[in-house]
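Trainee: Provide a 3D model corresponding to the input given below.
(4 chains)
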There are 2 protein chains.
Amino acid sequence: MPRRTNKPMPSKPSPITMDAVYTAPGYLFRRMQQIAVSIFVEECSAFDLTPVQYAALVAIHTHPGIDATRLSAVIAFDRSTLGNVIERLESKALIERKPSREDKRVKLLHLTKSGAAVLRDIMPSVERAQLRMLQPLKPADRKTLLALMTQLVDLNNEASRVPLRAEDALEHLGKSS
Amino acid sequence: MPRRTNKPMPSKPSPITMDAVYTAPGYLFRRMQQIAVSIFVEECSAFDLTPVQYAALVAIHTHPGIDATRLSAVIAFDRSTLGNVIERLESKALIERKPSREDKRVKLLHLTKSGAAVLRDIMPSVERAQLRMLQPLKPADRKTLLALMTQLVDLNNEASRVPLRAEDALEHLGKSS
DNA sequence: TATGGATTGACAGTATACTTACAATATGGG
DNA sequence: CCCATATTGTAAGTATACTGTCAATCCATA
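Mentor: Prediction:
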């Protein structure tokens, strides 16, 4: 008998199997993140930098004198956690933190000479890592996956607790030290 | 002048820009994982379960009497961290841990009545979360992305520090309590 | 200009996600 | 049977990745 109403069809409960986990996008994203970090850390082991620390260095290099809050928006990274990351980068003497003259709340971030050198030297390892992550796919599939992931991350930006705000990086230009 | 040798061409160093970060697969995977966890936690807030805790419950449901080491292989999750996850699930009375008679080292895991009920009730929320993660893509693109991610995770399995060993789950059947 | 609201960095708390190390226990080869 | 080797759960240490809260500071407006 065909349905005549618009009432939502109570879909029959799916069976609870491991396959339901293995084929869920959430599982695949968690797993791929695990793998990506493994590969990154392995390729960059000579530099003792994590993926997030690397992203922070790039952002500080690109936006010298940025403050922590804006940095968190630029790399889509939680402000609280970023405090620890900055602390570790500072203790490794890769960056410097100096108080701003105009705003006594903020501390401006700059690469040290050592930090700039590490960033320059690590680039080939980072690129090797990024290549390795997609290596198992055929070149055409790599492009497809990258395009779809870029789209999805962009369209889901607001769904994350720390949306990316790349344009925030420009604000500090008015108040540079 | 054309090159005559087979020596590797030292590719010119890429410029260091934020765009290099934003288009790197590693960044996209980290970002998508952030977003996926946000969506999962939001949809499942009524149940106070994280994605990993959910996966653990499913695995224990599917393989009653599994031990912690095998569970870690089945959900591709580090053995040490899993200890904490199990502890939290036990303190919420969703699972039970009882010593095995045959092997005094291992503790066998079972769902409690409450755990089985939570798992049954959370399924619709989990499915909603999984749908939302891919929602912004066209249906055909969702299928493509899922297929490529499945391939990539599978082919990169050994690159992770905790490879998935789904078949390990069967070993405990010989020594059930 | 005073004051309420916003911003900033810092801190505490929870939960992954990994590393190494260790004691208790199990197992297989001589 | 004995002993080297492996396995199991646990713990300590590091690093994300969030949630709150808080004091200091800034700023807009009444």
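Trainee: Can you pull the phi and psi angles for the closest residue in space to A:N156 that isn't next to it in sequence?
Mentor: Among residues not flanking A:N156 along the chain, B:I35 sits closest, at 4.7 Å (C-beta to C-beta, 6 or more residues apart in numbering or on different chains). Heads up, the C-betas are built off the backbone N, CA and C, glycines and all. Backbone torsions of B:I35, given as degrees, to the nearest 10, read phi -60, psi -40.
Trainee: List the contacts of B:I35.
Mentor: Shown in contact with B:I35 (C-beta atoms under 8 Å, 6 or more residues apart in numbering or on different chains): A:V153, A:N156, A:A159, A:S160, B:M133.
Trainee: show me where chain A has helices.
Mentor: If DSSP state H is used as the criterion, the helices of chain A fall at A:18-22, A:25-43, A:51-62, A:68-74, A:79-91, A:113-134, A:139-155.
Trainee: Put together TSV for these, with mean pLDDT on each row.
Mentor: TSV is the format used below for the helices of chain A (pLDDT from 0 to 100):
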stretch	mean pLDDT
helix A:18-22	93
helix A:25-43	96
helix A:51-62	96
helix A:68-74	95
helix A:79-91	95
helix A:113-134	96
helix A:139-155	97
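Trainee: Would you mind saying which of these lies nearest B:K92?
Mentor: Comparing the helices of chain A against B:K92 with C-beta to C-beta, the closest turns out to be helix A:18-22 (19.7 Å).
Trainee: could you check whether the closest one is close to chain B?
Mentor: Yes - Helix A:18-22 is in contact with chain B by C-beta under 8 Å from any C-beta of the partner chain, via A:M18, A:A20, A:V21, A:Y22.
Trainee: Most neighbours out of those residues, which is it?
Mentor: A:V21 (23 neighbours; other C-beta atoms under 10 Å in any protein chain shown).
Trainee: Residues of chain A that sit close to DNA strand D?
Mentor: Proximity of chain A to DNA strand D, by C-beta under 7 Å from any atom of the strand, involves residues A:33, A:50-53, A:77-81, A:84-85, A:88, A:102-105, A:160-162.
Trainee: now, which of these lie close to chain B?
Mentor: Among the residues of chain A next to DNA strand D, chain B is touched by A:Q33, A:P51, A:V52, A:S160, A:R161, A:V162 when using C-beta under 8 Å from any C-beta.
Trainee: farthest-separated two in these?
Mentor: A:P51 and A:R161 (18.5 Å).
Trainee: These two - which one has more neighbours?
Mentor: A:P51 (22 against 12).
Trainee: my guess is the more buried one contacts B:R30, does it?
Mentor: Yes - using C-beta atoms under 8 Å, A:P51 is in contact with B:R30, at 6.6 Å.
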